[in-house]
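1. Sequence and predicted structure below; questions after.
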Amino acid sequence: DGSLLWRYDKPFKQRGRLCMTPIFHKGVVFTMGGELCGGGAVRLSSNASQTGKIIAQELWQLPRTYSHFGGYVEVNGKIYGSNGKGWGCRDFMTGELLYKLPRPRFSATIYADGRFYCLGHKGDVYLIAANQTAGKVISQFTIPNHGGRTWARPAIAHRRLYLRRADKLYVYAIR
């Protein structure tokens with residue numbers, strides 16, 4: 001019926017671009033606020049005494065970061081992505097930082113076939129092999145600059161990586 005079921009706005013009070021897509025995993029929702037906002041995770045549960053009421057209980061919170069435009073994905077209970085200070089891995093349920101790589105610093109991250117593909121705001125593309133204990137940039141290249149920063153998220157379909165920068169679309173085979 002369109003009624004509000006629950007909300008979580010504690011880390012998002014500061015200035016920022018609230019454009020990150022939330023991630024749901026095993027009853028927990030994680031999201032970041034975007035530029036200069038924090039983020040966090042809440043466990044969702046129902047309140048037995050109030051039929052239909054959803055409770056969002058905070059599990060953990062992150063301080064202000066620079067996760068501009070969709071830098072995170074969940075794989076096997078871990079969160080991978082960039083926050084303006086590097087790219088790393090966090091435990092989904094606790095928020096504990098497991099490790100951090102120095103680059104990419106600002107990027108949108110997607111995952112396919114055991115690899116992470118990151119598109120940075122300056123058009124840098126990174127292929128990262130990572131698990132919960134370590135990560136490594138396998139390769140990197142820069143797509144041609146056609147003006148401004150790259151804010152689009154990459155996409156993967158039929159073994160092709162799609163990258164948009166300004167008014168151009170680039171397609172790469174990733175078999």
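-> Ah, there it is.

2. average pLDDT for stretch 104-120?
-> Averaged over stretch 104-120, pLDDT sits at 92.

3. Equivalent analysis for stretch 29-38, please.
-> Averaged over stretch 29-38, pLDDT sits at 76.

4. distance between it and the chain's centre?
-> Relative to the centre of its chain, stretch 29-38 is centred 9 Å away, using Cα atoms, centre = their mean, to the nearest Å.

5. mind checking the end-to-end distance for that stretch?
-> By Cα to Cα, to the nearest Å, the extent of stretch 29-38 from end to end equals 14 Å.

6. residue closest to the middle of the chain?
-> For the chain, the residue nearest the mean C-alpha position is residue 72 (1.5 Å; Cα atoms, centre = their mean).

7. ok, now which ones touch residue 114?
-> Applying Cβ atoms under 8 Å, 6 or more residues apart in numbering to residue 114 gives the contacts residue 129. Heads up, the C-betas are built off the backbone N, CA and C, glycines and all.

8. mind redoing it with 10 Å?
-> Contact partners of residue 114, counting by Cβ atoms under 10 Å, 6 or more residues apart in numbering, are 75, 129, 130, 131.

9. can you list those residues in a markdown table and add secondary structure?
-> Listed next are the contacts of residue 114 as a markdown table, based on DSSP: H, G, I helix; E, B strand; the rest coil:
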| residue | secondary structure |
| --- | --- |
| 75 | strand |
| 129 | strand |
| 130 | strand |
| 131 | coil |
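
10. Quick check: which ranges of this protein have low pLDDT?
-> In the predicted model of the chain, residues 11-19, 34-36, 48-52, 64-70, 146 satisfy pLDDT under 70.

11. number of nearby residues for residue 127?
-> Using other Cβ atoms under 10 Å, residue 127 has 16 neighbouring residues.

12. Can you name every helix or strand that the helix or strand containing it contacts?
-> Counting by DSSP states H and E, the element that carries residue 127 is strand 124-130. Applying 3 or more Cβ pairs under 10 Å, 6 or more residues apart in numbering; DSSP states H and E, we find strand 124-130 packed against strand 78-82, strand 87-91, strand 97-101, strand 107-112, strand 115-120, strand 135-142, strand 160-165.
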